[in-house]
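> Model the following, please.
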Amino acid sequence: MTNKAPSFEELANAQPHLAKHRTLLLNADFQPISYSPLSLVPWTKVLWWMVKGDMTGKPRVRVVEEYDDVFINSINKKIPLPSVIAYANYVKMPQHIKFSRYNIFLRDDFTCQYTGEKLPPSKLTFDHVIPQDKGGKTNWENIVACSQRINQLKTNLSLKQFKRRYGYSLLRNPYTPTSYELQNRGRQFPPRYLHESWRDYLYWDTELKD
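Numbering: from 1, shown residues only. Sure thing, here's the model as predicted:
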């Protein structure tokens, strides 16, 4: 009777400590797939790509950097956990932009569009410029980032009513951003944690702090 090889799920369950380690995914040109959010993938997906590449002879990714002291206990060997990988062939990125709360904040530079106040995501919400009860839609052209305080003031007021009553005007009309624009804006907001092996492949528009 032969021993059955463990599944990927069993390997993952046996190594919960690896869950906190992520691998930076680059395109074949060594540029990050995404800056916002940063293109990080779990070790299980990395291992699957590596194993599948070995089986088919057509590797999907190549290892660029490895963690010095983190290993995957595979079936019969220890594999250094990659910290940076790149697609073997260039992958064209989709141009469709996901309409999400975070991307609204990113388009608007995490800034309330009525006061000009820059705030953390926890202090922001979104506002319907034309209120929903007046026919306003939930889309790129009618939603702006807004502080929670201002949102509570505006409620369902029109822009004219809001300015007349509280003196606030819209700083910039909402619009549909491009994927290129959001990528560039994402470079202004590096995540709190960056592994040292990632830094040579990332180019931020703000100074990184150790």
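> how near is the spatially most central residue of the chain to residue 203?
For the chain, the residue nearest the mean C-alpha position is residue 37 (1.2 Å; CA atoms, centre = their mean). Residue 37 sits at a distance of 16 Å from residue 203 (criterion: CB to CB, to the nearest Å). In this view, the C-beta of every residue, glycine as well, is placed from N, C-alpha and C.
> likewise residue 165?
In terms of CB to CB, residue 165 sits 45 Å off from residue 203.
> longest helix anywhere in this protein?
In terms of residue count, the longest helix belonging to the chain (DSSP state H) is helix 43-56.
> Sort out which residues of it are buried, please.
43, 44, 46, 47, 49, 50 (16 or more other CB atoms under 10 Å).
> Next, format those as TSV and append pLDDT and distance to residue 17.
As requested, the buried residues of helix 43-56 are arranged in TSV below (pLDDT from 0 to 100; distance: CB to CB, whole Å):
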residue	pLDDT	distance to residue 17
43	92	10
44	89	13
46	92	16
47	88	15
49	93	21
50	90	19
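> so which of the residues you listed comes closest to residue 63?
Proximity of the buried residues of helix 43-56 to residue 63 (CB to CB) peaks at residue 50, which lies at 7.7 Å.
> so that closest one touches residue 62, yeah?
No. If you go by CB atoms under 8 Å, residue 50 and residue 62 don't touch, sitting 9.3 Å apart.
> who are the neighbours in contact with the residue nearest to the centre of the chain?
Listed by CB atoms under 8 Å, 6 or more residues apart in numbering, the contact partners of residue 37 are 102, 186, 191.
> What strand or helix carries the last one?
So that's residue 191. Per DSSP states H and E: residue 191 is located in neither a helix nor a strand.
> And the pLDDT at it?
Residue 191 is assigned 81 on the pLDDT scale.
> show me the contacts for the closest residue to residue 94 other than its chain neighbours.
In space, and not counting its chain neighbours, residue 94 is closest to residue 179: 7.7 Å by CB to CB, 6 or more residues apart in numbering. Residue 179 sits next to 93, 94, 95, 96, 97 when contact means CB under 8 Å, 6+ apart.
> Mind pulling up the pLDDT for the nearest residue to the fourth one once chain neighbours are set aside?
Meaning residue 96. Spatial nearest neighbour of residue 96, chain neighbours left out: residue 179 (7.7 Å); criterion: CB to CB, 6+ apart. On the pLDDT scale, residue 179 is placed at 86.
> looking at it, residue 97 is touching residue 183, isn't it?
No. Counting by CB under 8 Å, residue 183 is not a contact partner of residue 97; they are 10.2 Å apart.
> Show me which of those two is the more surrounded one.
residue 183 (18 against 15; other CB atoms under 10 Å).
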